[in-house]
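# 3D, please:
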Amino acid sequence: MQDKNWLAVNTNNKKTEYIAILHISDLHRNPLQWVSNDALLNSLEYDFHRYSGEPLPIPKPNLIIVSGDIVKGIQEDEPLDQIKLQYNEAAKNDDSMKGRML
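Residues are numbered from 1 along each chain as shown. Here you go, the predicted model:
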């Protein structure tokens, strides 16, 4: 780890390990205001590379947490398969994110 200002986890008072967590919340993936998985991941990678050169650089994450409202959801009058499509697309994004960011 380049910098000691990251989260420290002390285990058995013998060694300190540093972990970097990427937390993404409330994506609200919405088919009416579409952002492709590639565009979303490209944006994350751009930010990572942009800030990795800062005095306190962002390290590559050891763990990714995706929380909150991941998809927009559907209204009562919308077909149920729309929510399945939204979650399937979100799952593809999560798989891609693991491959590109971890």
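# Where does pLDDT dip in this protein?
1-17 (pLDDT under 70).
# what residue is smack in the middle of this protein?
For the chain, Ile24 is the residue whose C-alpha lies nearest the centre (C-alpha atoms, centre = their mean; 4.3 Å).
# in a strand, that's where that one is, yeah?
Yes - counting by DSSP: H, G, I helix; E, B strand; the rest coil, Ile24 falls inside a strand.
# how much space between the nearest residue to Ile24 once chain neighbours are set aside and Met101?
Nearest non-adjacent residue to Ile24, counting by C-beta to C-beta, 6 or more residues apart in numbering: Val66, 5.1 Å away. Backbone N, C-alpha and C define where each C-beta goes, glycine included. According to C-beta to C-beta, to the nearest Å, Val66 stands 11 Å off from Met101.
# Can you give me the buried ones in the host helix or strand of Leu40?
Per DSSP states H and E: Leu40 is located in helix 37-51. With burial defined by 16 or more other C-beta atoms under 10 Å, the residues of helix 37-51 counted as buried are Asn37, Leu40, Leu41, Phe48.
# going on from it, what's the next piece of helix or strand?
Sequence order places strand 63-67 as the next helix or strand after helix 37-51, per DSSP H and E.
# and the angle from the next helix or strand after that next one to strand 63-67?
As assigned by DSSP H and E, the chain's next helix or strand after strand 63-67 is helix 81-101. Angle, helix 81-101 to strand 63-67, by axes from the mean of the first three to the mean of the last three C-alpha atoms, to 10 degrees: 160 degrees.
# What are the buried residues along helix 81-101?
Buried positions in helix 81-101, judged by neighbour count with 16+ other C-beta under 10 Å: Gln86, Glu89, Ala90, Asn93, Met97.
# how close does Ser52 sit to Lys60?
Distance from Ser52 to Lys60, by C-beta to C-beta: 8 Å.
# Same question for Val71.
From Val71 across to Lys60, the span is 27 Å (C-beta to C-beta).
# Neighbour count for those two, which is higher?
Neighbours per residue, other C-beta atoms under 10 Å: of Val71 and Lys60, the larger number sits with Val71, 19 against 11.
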